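>>> sequence first, then the predicted structure:
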Amino acid sequence: MERATVGVGIGGDSDDERELTQLAEKSGQSKSIQISAGQFDEDDTEYVLGKLREAGTDYDPPTRYDGESQMSEGTLSLMEREMGLGGAGGGIADLLKSLPETNIQLNTVPKKQPETVAVQGGAGEAPPKPKKKVKKVFDKKVDKETKEKRLREWEEGGNRLAPVQEEGAAAVAHDLVVEKHNQDFVNYYQGMEIVPKAEWENFYGALKENLDICFRINSVEKNWQKTKEEIENQIQEMLKNDLTKDKIPRLLKWYPSQLAYTFHELSRSEMKANPLLKNFHTFLVQETENGRIFRQEAVSMIPVTLLHIEPHHKCLDMCAAPGSKTIQILEYLHQNGIKIPEGFVIANDTDSKRAYMLTHQARRLNSPAMLITNNDARRLPNLRADETGLTMKFDRILCDVPCSGDGTLRKNPSLWKNFNAHLGHATHPLQREILERGIRLLKKGGRLVYSTCTFNPLEDEAVVADILSKHIKQVELVDVSSELSPHLKYRPGRIHWKVYHRGKGQREPSAWYTRYEDVPNWKKKVIKETMFNSTYTHINNEPERVSDEDRYDPLNLKRCMRIFPHDDNQGGFFVAVFTKVLDEHEGFRYDEMYEGNAWDDPSIRQKPILQDLKEFALEYEKDLSKYEEQKGIPKEQSTQNEVLSLVLEAEEEARQRKKASGVNFGKMSAEMELQKEEQFTYAKLIDKRMDVWMNLQLFYGINSSFPSEYLFYQKDTTNNLVFISDGMANGLMKCTRKYKLKVVNIGVKMFSKNRDDKSEAKYRLLQEGLELLLPYMDNSRKITVAKEVFLKFLELPLITYEDLKSKYQCSEFEGKEHGSAVMFCAGPSGVYATVWMGVNNVSLMVNKEEIKSFKFLIQ
Ligand SMILES: C[S@@+](CC[C@H](N)C(=O)[O-])C[C@H]1O[C@@H](n2cnc3c(N)ncnc32)[C@H](O)[C@@H]1O
């Protein structure tokens, strides 16, 4: 029986270890916890596992299908690990910090009983922990012996993350064994015939395999060629060695520009056995931390490649966190080395913690063309462009919705436990509403990509079909087959599906429905009408239609893409590419008499049927009352109001439905709008604080061609000055109603307020904004030092002027005013850093990732 380990990530282990060691050093000696792969005491198992669960071993599913901000700190930490961020938030380390009064020590103990954690007294002081009531964790009926047997089988099965190979805290995560089977999954997807019967074993088997790791080189980073070269060099070295030649990363052939790689994740023992592999692993961790490579699942790279983004495009990423696709979007906006693109991306996520995470992630690109917001995508405001008063529409929209996530089973094994057949029912309405909003915000001729990582047709084709039917011919699916590399293996969208209900215990068995009318009322809480589309759910399911050729596809759902794990050793994914053929208000013909065929002719608009019926019923009532009067029909025999009351009832029902949907169509007064406008927290610097700008210009020698109109400040703090792209300054920032966007971050930080009033300048330079500012600065605040001196700065927190002169023969700082400056490293590396020139010494003003990065580039 297959099992999985939980909590795996590039470099995650080493980060945890480092942090744990630091923690141990910092803490007192009252008590210690030793955690090792070899010891996992029964009485603490439940507690530690509970903590790990809290810490987010279930991290992907809730964030994918829960629209609310419910992510725990632990989930964030795990997400950081997943994104390869390391450092700041330590998954397991944070968890251990949360254990009360503990001194944590890393300890490598010979492994006898995998699956146990020993919590014991430190330095012989603390008493042994009292026995707690034993709670079974995995399976109430599974005893210790059985667990051990299962683990043995698993290890013998050659699992590369077998606990015996693990050490330290990371082993705790890896020791969580998840059974890779879910009967609900089997019943649901076999019933749905998600793959032909003959393929089931392959499909299900592939889902149980661990997923290969993929990463992309950040093409926006100015030294990306060096990273590519280094990877290729390491590959060449590995190819020369018999033990490593099969472990090399391979180019992801279908990905454009040859910048994405895929490889089988290395186990620790493999790395230990071979220094070449260890080097490669260390290199990947370091490059991920530096933002020169991004880890991203291969299939998740597909949506953005299909958006065909150009630097002038206004883009919207509706559900953006943690941000791998936003970063891809930015790479396209900055293609061909464009530093300040005309276009921009609004990256939005409803979960505030995830939105902040996105800020952290995207910071590595230092892009002035990004606005991060924290709104509900279903209610993203209509931004009105100043001159036209029209709603701002986007050229490109990514709608990567929250979903039940079963396509990620290979990398999120905890989903095996969490899957149930109604997950998709819960997410379908949210996905529909998000896509609907996206369609409305899309520009005519623009592209929108809808994507999920689930196999479930209710979250995939059913959502797409419902939106297409509601916008008959206003939007259509694009046939992207000719745009894709032949190396990408995918299948067409489904053209038939059914809707399932699991029933109610033994009293009410599970059932499949092909028509909404057949669904009993009590099940309608779960099953929604929009999950059905009679062509696809009823007609195409008629028993006589056995082959796909006999089935209809009026909406071209076959143009959707389904990606299966057994087709090319990948994750599961779904993609649909929409384009807008006609705008909402454009060229419509109103067809009062329902004479035209609105299906075939996109310009035909027919009155809502209820409104028409009401008009008819009112006319009819008038005629009827005249007729009854003429005939002298007594009141008790009158049939007046019978038709009208039916229509009014239907109208009321529709009104209630709209109300229940929670959408507020109320209009604010112009005065209110004006007040709200003031609430937008960013203002143009040169409009309000010309004095600040003049001060910066003089001190840093910034020439007048610098586009100072793109500098903004945050009104509530004034701490930072941000630089934004042309498109944002002239498009987005001029819009009204932007106050409705909850802004988390904008553009790239260029200056930060000085706390030291000894400097003439009010603000100091920030490393992230330097690349954009440098071409406009004269040499007054630029200092070039020898490579050896630069390297010394990377080692020491500060260097006194005296030492600079006497020890390092560096006099370049002499005669310069105190304050912020840029220090260049002499030679071809092209490295520069912000420094602070104090009264007695000079110090580097960059973070530790940047220091590592400089070392890599200089040496
Ligand atoms: C599949 S993930 C997005 C992954 C992301 N596109 C990436 O590539 O890194 C779905 C995201 O939708 C967010 N979300 C859920 N409900 C939302 C809503 N109503 N509006 C906006 N975002 C939502 C979740 O917080 C989650 O981050």
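Done, it's in.

>>> going forward, measure contacts and count neighbours with C-alpha atoms only.
Will do.

>>> and Leu383, how many neighbours?
When counting by other C-alpha atoms under 10 Å, one arrives at 23 neighbours for Leu383.

>>> got a list of what it touches?
Each residue near Leu383 by C-alpha atoms under 8 Å, 6 or more residues apart in numbering is listed here: Thr391, Met392, Leu732, Cys735, Thr736, Arg737, Lys738.

>>> avg pLDDT for stretch 250-269?
Here stretch 250-269 scores 86 as its mean pLDDT.

>>> what does that stretch contact?
Here stretch 250-269 has contacts from 160-161, 165-166, 211-217, 219, 228, 247-249, 277, 298, 484-488, using C-alpha under 8 Å, 6+ apart.

>>> how near is Leu696 to the ligand?
As for Leu696, its distance to the ligand is 37 Å (criterion: C-alpha to the nearest ligand atom, to the nearest Å).

>>> if I look at that residue, how far off is Asp687?
15 Å (C-alpha to C-alpha, to the nearest Å).

>>> contacts only, for the nearest residue to Val743 once chain neighbours are set aside.
Ranked by C-alpha to C-alpha, 6 or more residues apart in numbering and with sequence neighbours excluded, the top spatial neighbour of Val743 is Thr373, at 4.4 Å. Each residue near Thr373 by C-alpha under 8 Å, 6+ apart is listed here: Ile346, Ala347, Asn348, Asp349, Ala355, Leu741, Lys742, Val743, Val744, Asn745.

>>> Thr359 is in contact with the last one, correct?
Yes - under the criterion of C-alpha atoms under 8 Å, Asn745 makes contact with Thr359 at 6.6 Å.

>>> tell me, what's touching the two both at once?
Residues touching both Asn745 and Thr359 (C-alpha under 8 Å, 6+ apart) are Ile372.

>>> which element is Tyr620 on?
In this assignment (DSSP states H and E), Tyr620 forms part of helix 609-631.

>>> show residues contacting that helix.
Taking C-alpha under 8 Å, 6+ apart as the rule, helix 609-631 contacts Ser638, Gln640, Asn641, Val643, Leu644, Val647, Leu648, Ala650, Glu651.

>>> neighbour count for Leu696 and Asp687, which is higher?
Ranked by neighbour count (other C-alpha under 10 Å), Leu696 and Asp687 place Leu696 first, with 19 against 9.

>>> how does this protein divide into domains?
Listed by automatic domain parsing, the domain ranges of the chain are 3-179, 213-296, 299-494+554-580, 609-659, 778-859.

>>> redo the ones you listed as CSV? Include distance to Leu711.
Formatted as CSV, the domains of the chain follow (distance: least, C-alpha to C-alpha, whole Å):
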stretch, distance to Leu711
domain 3-179, 29
domain 213-296, 22
domain 299-494+554-580, 10
domain 609-659, 43
domain 778-859, 19
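
>>> that older thread, return the closest of the contacts of helix 609-631 with respect to the ligand.
Glu651 (28.3 Å; C-alpha to the nearest ligand atom).

>>> ok, now which ones touch the closest residue to Tyr590 other than its chain neighbours?
Distances taken as C-alpha to C-alpha, 6+ apart put Arg605 closest to Tyr590, at 4.8 Å, once the chain neighbours are dropped. Arg605 makes contact with Phe588, Arg589, Tyr590, Asp591, Ala598, according to C-alpha under 8 Å, 6+ apart.
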